[in-house]
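Novice: A predicted structure for the sequence below; I have some questions about it.
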Amino acid sequence: MNTLATPLVELADLRKTYNAGLPNEQEVLHGLDLIINASEFSALIGPSGSGKSTLLNILGLLEGASGGSYKLNGSDVTTFDDDARTRARHATLGFIFQFHHLLPAFSALENVMLPAMINGEGTGKATRERAAWLLDAVGLKDAYDKKPNSLSGGMQQRVAIARSLVRAPRVVLADEPTGNLDTHTSDSIFELMRQFNREQGTAFLVVTHDPRLAARCDRIVELVDGRIASDRANVAQA
């Protein structure tokens, strides 16, 4: 771990409470401290209900924390308004979801281009060339013009991975990206993420229930009942 570099993600005493002030108030994250540095490939594991999805939503700036601090690329995003949060999200983060969330009316190429289009970068030559390069990289060179309903689940997830990388994010958050795929396809998707981690220096935080995949990550963070139960380097991958 490079202690001289500014962490991409830095949480200090991060808390999340739902229904604050009401009889059914519930704190689901209890003072988390977590640092993610450039080029790290980490697994986030833990039982269902441990707070993994909530944490990922906060890291992805999809919802706010109730207390503590969250610095993203050196900036305390807990002080940002909605517009600033959106800009920070587009500038630094990529997402891979379990169920793809591809737009059915768009081609594979257009789905990959979508984050750039939303960010106002249009559909110009540079955007199209990067989207095409990413589809090539994930093994879908012949699928540029295909709609999602003509692609297998594994192929759709490859499109989703390419889409998450089109704006060259510093860190990608992946929520059970192989959870609905067979073992062979899961291994293939996982290796693609590792490839981008190695070759592009992209940091990954991967939520997974699959112990085989977690064992292939460089670092394993375990969340139990809203607290970090362990945070350890994976010696087998060192």
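Specialist: Arrived safely.
Novice: what about the residue positioned nearest the centre of the chain, helix or strand, and which?
Specialist: Centre of the chain computed as the mean C-alpha position; nearest residue by Cα atoms, centre = their mean is residue 173, 1.0 Å away. Residue 173 is part of strand 171-175 when elements are defined by DSSP states H and E.
Novice: Give the other helices and strands that the next helix or strand after that strand contacts.
Specialist: Downstream of strand 171-175, the first helix or strand assigned by DSSP H and E is helix 183-200. In terms of contacts (3 or more Cβ pairs under 8 Å, 6 or more residues apart in numbering; DSSP states H and E), helix 183-200 is packed against strand 41-45, helix 125-137, helix 153-165, strand 171-175, strand 203-207. Using the backbone N, CA and C atoms, a C-beta is placed for each residue, glycine as well.
Novice: Can you name every helix or strand that the last one contacts?
Specialist: To tie it back to what came earlier, the one meant is strand 203-207. Where contact means 3+ Cβ pairs under 8 Å, 6+ apart, strand 203-207 is packed against strand 41-45, helix 52-59, strand 171-175, helix 183-200.
Novice: Quick one: mean pLDDT over the helix or strand just after that strand.
Specialist: Downstream of strand 203-207, the first helix or strand assigned by DSSP H and E is helix 211-214. Mean pLDDT, helix 211-214: 89.
Novice: Could you list the low-pLDDT ranges of this protein?
Specialist: 1-5, 121-123, 236-238 (pLDDT under 70).
Novice: you'd agree residue 103 is up against residue 112?
Specialist: No - look at residue 103 against residue 112 with Cβ atoms under 8 Å: they stay out of range, at 11.0 Å.
Novice: more neighbours, the two?
Specialist: Remark: of residue 103 and residue 112, residue 112 carries more neighbours, 31 against 12, as counted by other Cβ atoms under 10 Å.
Novice: I'd like the helices and strands packed on helix 183-200 written out as a markdown table, with distance to residue 63 added.
Specialist: Formatted as a markdown table, the helices and strands packed on helix 183-200 follow (distance: least, Cβ to Cβ, whole Å):
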| stretch | distance to residue 63 |
| --- | --- |
| strand 41-45 | 17 |
| helix 125-137 | 28 |
| helix 153-165 | 19 |
| strand 171-175 | 13 |
| strand 203-207 | 16 |
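Novice: Relative to residue 145, which of these is closest?
Specialist: For the helices and strands packed on helix 183-200, distance to residue 145 was read as Cβ to Cβ. The smallest value, 10.6 Å, belongs to helix 125-137.
Novice: roughly how far out does the closest one sit from the chain middle?
Specialist: The chain centroid and the centroid of helix 125-137 are separated by 20 Å under Cα atoms, centre = their mean, to the nearest Å.
Novice: One more: stretch 228-238?
Specialist: For stretch 228-238, the distance to the chain centre is 19 Å (Cα atoms, centre = their mean).
Novice: May I see the buried residues of it?
Specialist: Neighbour counts over stretch 228-238 (16 or more other Cβ atoms under 10 Å) mark 228, 234 as buried.
Novice: Run through the residues that contact the residue nearest to the centre of the chain.
Specialist: Counting by Cβ atoms under 8 Å, 6 or more residues apart in numbering, residue 173 touches 56, 59, 60, 93, 94, 95, 96, 205.
Novice: 10 Å - rerun?
Specialist: Applying Cβ atoms under 10 Å, 6 or more residues apart in numbering, we find residue 173 in contact with 9, 36, 44, 55-57, 59-60, 62, 93-97, 164, 203-207.
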